[in-house]
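# Show me the folded form of this:
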Amino acid sequence: MRFTVKDVLQFVEENDIKFVRLVFFDIFGIKKNISVMSQELETVFEYGASIVPSHIGGFEGVTTELLLFPDPSTLKILPWRPQHGRVARLLCDIKNPDGTDFESDVRGILKKAVEQSEQTGFVSKVGVECEFYLLKLDENGEPTRIPHDNAGYLDVAPLDKGENVRRQICLTLEQMEIDPLSSHHENGPGQNEIDFKHSEPLNAADDFETFKDTVKASAASNGLFASFMPKPLADQSGSGMYINLMLRKYGFSIFKDSGEGLSETAKNFIAGLQTHLHEIALFLNPLPNSYERIRSCKMLDVSNSSYTDSTSLIRLSDTLTNHAKLQLRLPDPSCNPYLAFALIIYAGLDGIENHMEFDGVPKVPLSFDEAVACAENSAFLKKCLPAAVYDAFISEKKKMADCQEELMEKRYFEII
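This next block holds a predicted model:
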């Protein structure tokens, strides 16, 4: 349901909602929020809620306050919070004090990518397949690296101990009007996967972030810890975040095989993605730990140029139907989905605009340092992203490359 401001205010009053979380994201995709009492919400809708940006990732150089304006269409009640004096959540647009859009607002960056796509006649939808680990807690309630079970790919209970947790996650998502498609145990012990239906890119990114919250809350209620680290267990399978993209023009999928092979438009889009993949890899795989997954993943063959193999970086499926889609298998769950989706769209559109052709295998960085270097030398990224976002992102990743990896990994293990 798409709420208006009036709808939200009425809903909050009628449903015993006492606290409203105003949620936004830094440029690295780390969730931030402030909570306001429900009676203050009308004022917040009109005037915004002020935040000080100096301690927010990528916003440190901003010297004025910023304002959060809730997007009424994103209203969700948080089912895992108390049912008396309920808690709701609204995602926010970030604005400058003069009311202009804040250029480092990652939701705004994705909105612009979608607008540019639609201006050229292309309508996109995104579906996500996400893997994660369920891990045990120690006697102090701190997360360990011990898996919740020893099951494997598509195993069932009782060997699969994550079955009830996945059920709880899916039912909770449905309460929030988010549509999971399927769920199962993955290859690693304690590793699980939940897949989602396609939706408009901004909605898909919003829902992905809500999904991560739901997984962590459901895990905690079962005495577990959920990890979205790309490679939380050194000797086990890494966790990916496969991005499935539908792209249509005049209502028809550009990836549909008409019987004479792919259209030139589809080839150009794929060529754009292949050409720019090494430049955007840092945004799809933003941690040193990400490259542990890439180097060790048997299901991610960076040397395979086929569009049909199950290990290909880029796969096409359902190509005989209008539901044909492109799947990019490189990203992992530590990425900022708003920037990831935006850059994938921009890369493909660049391929179409410039009638790109690409023969061979896309270049993929196999180390964090290499990924940083590729992004640092990218004219494409500088064209697509606001300078403040690009500069802050690269600066932070260069610092990350210089720090002690084990200390950095521990921090991200806990917050991703």
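
# Going by neighbour count, list what's buried in the longest strand seen in the chain.
Looking across the chain with DSSP state E, the single longest strand is strand 122-137. Neighbour counts using 16 or more other Cβ atoms under 10 Å place 122, 124-135 of strand 122-137 among the buried residues. Every residue, glycine included, has its C-beta placed from N, CA and C.

# again with stretch 357-377
358, 362, 363, 364, 365, 368, 370, 371, 372, 373, 374, 375.

# Now intersect those with the strands, please.
Among those, no member is found in strands (DSSP E).

# Could you tell me which of the residues you listed are located in helices?
368, 370, 371, 372, 373, 374, 375 (DSSP state H).

# and the gap between the fourth one and residue 32?
In this structure, residue 372 lies at 25 Å from residue 32, with Cβ to Cβ, to the nearest Å as the measure.

# swap in the last one?
Here the criterion is Cβ to Cβ. By it, residue 375 lies 24 Å from residue 32.

# do the third one as well
Note on residue 371: its distance to residue 32, by Cβ to Cβ, is 25 Å.

# try the first one
Per Cβ to Cβ, residue 368 is found 25 Å from residue 32.

# Any chance you could list what contacts stretch 169-185?
Residues from elsewhere that reach stretch 169-185, judged by Cβ atoms under 8 Å, 6 or more residues apart in numbering: 1, 76-77, 79-80, 127, 149, 151-156, 160, 162-163, 166-167, 191-197, 199, 207, 210-211, 214-215, 217-218.

# Enumerate the positions of it that are buried.
Buried positions in stretch 169-185, judged by neighbour count with 16+ other Cβ under 10 Å: 169, 170, 172, 173, 176, 178, 180, 183, 184, 185.

# Which one of the residues you listed is nearest to residue 48?
If you rank the buried residues of stretch 169-185 by distance to residue 48 using Cβ to Cβ, residue 176 comes first, at 24.7 Å.

# Domain map for this structure?
Listed by automatic domain parsing, the domain ranges of the chain are 5-102, 112-415.

# and the residue nearest the centre of the chain, how far is that from residue 201?
Nearest to the mean C-alpha position of the chain, counting by Cα atoms, centre = their mean, stands residue 337 at 2.8 Å. Distance, residue 337 to residue 201, by Cβ to Cβ: 9 Å.

# what does residue 283 give?
15 Å.

# same check, this time on residue 98
Applying Cβ to Cβ to residue 98 and residue 201 gives a distance of 28 Å.

# More neighbours: which of these two?
Comparing residue 98 with residue 201 by other Cβ atoms under 10 Å, the one with more neighbours is residue 201, at 24 against 7.

# Angles on the backbone of the more buried one, please.
With angles defined as degrees, to the nearest 10, residue 201 sits at phi -50, psi -40.

# begin at 46 from here
Sure, I'll start counting at 46 from here, so that last one is residue 246.

# pLDDT score assigned to it?
Per-residue confidence (pLDDT) for residue 246: 98.

# For residue 292, give the beta-bridge partners.
Bridge pairing for residue 292 (DSSP bridges) gives the partners residue 169.

# do you know how far it is from residue 369?
9 Å.

# Need the overlap of contacts for those two.
Common neighbours of residue 292 and residue 369, counting by Cβ under 8 Å, 6+ apart, are 298, 300.

# In the stretch 96-245 of the chain, where is pLDDT below threshold?
For the stretch 96-245 of the chain, no stretch has pLDDT under 70.

# residue ranges for the helices of it, please.
Ranges of helices within the stretch 96-245 of the chain are 151-164, 208-220, based on DSSP state H, counting those that start in this stretch.

# now the shortest one, how far from the chain's geometric center?
Helix 208-220 has its average C-alpha position 19 Å from the chain's average C-alpha position, going by Cα atoms, centre = their mean, to the nearest Å.

# Now do that helix against strand 167-182, angle only.
With axes from the mean of the first three to the mean of the last three Cα atoms, to 10 degrees defining the directions, helix 208-220 sits at 140 degrees from strand 167-182.

# Residue 161: how many residues sit nearby?
15.

# residue contacts, it?
Counting by Cβ under 8 Å, 6+ apart, residue 161 touches 390, 391, 394.

# Filter the residues you listed down to the ones in helices?
Of those, the ones assigned to helices by DSSP H are 390, 391, 394.

# Residue 111 bridge partners, please.
Residues in beta-bridge contact with residue 111 (DSSP bridges): residue 96.

# where does the closest residue to residue 341 other than its chain neighbours fall, phi/psi-wise?
Of all residues not flanking residue 341 in the chain, residue 283 sits nearest, at 6.5 Å (Cβ to Cβ, 6 or more residues apart in numbering). Torsion angles at residue 283 (phi, psi; degrees, to the nearest 10) stand at phi -80, psi 170.

# Would you confirm that residue 283 contacts residue 336?
No. With contact defined as Cβ atoms under 8 Å, residue 283 does not reach residue 336; the gap is 9.9 Å.

# More neighbours: which of the two?
Higher neighbour count among residue 283 and residue 336: residue 283, with 28 against 23, using other Cβ under 10 Å.

# From residue 308, how far out is that one?
Applying Cβ to Cβ to residue 283 and residue 308 gives a distance of 34 Å.

# ok, residue 61 - contacts?
By Cβ under 8 Å, 6+ apart, the residues touching residue 61 are 129, 130, 131.

# Give me the buried subset of those.
For these, buried by 16+ other Cβ under 10 Å: residue 131.

# Now render the contacts of residue 61 as a markdown table, adding distance to residue 70.
Formatted as a markdown table, the contacts of residue 61 follow (distance: Cβ to Cβ, whole Å):
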| residue | distance to residue 70 |
| --- | --- |
| 129 | 30 |
| 130 | 26 |
| 131 | 23 |
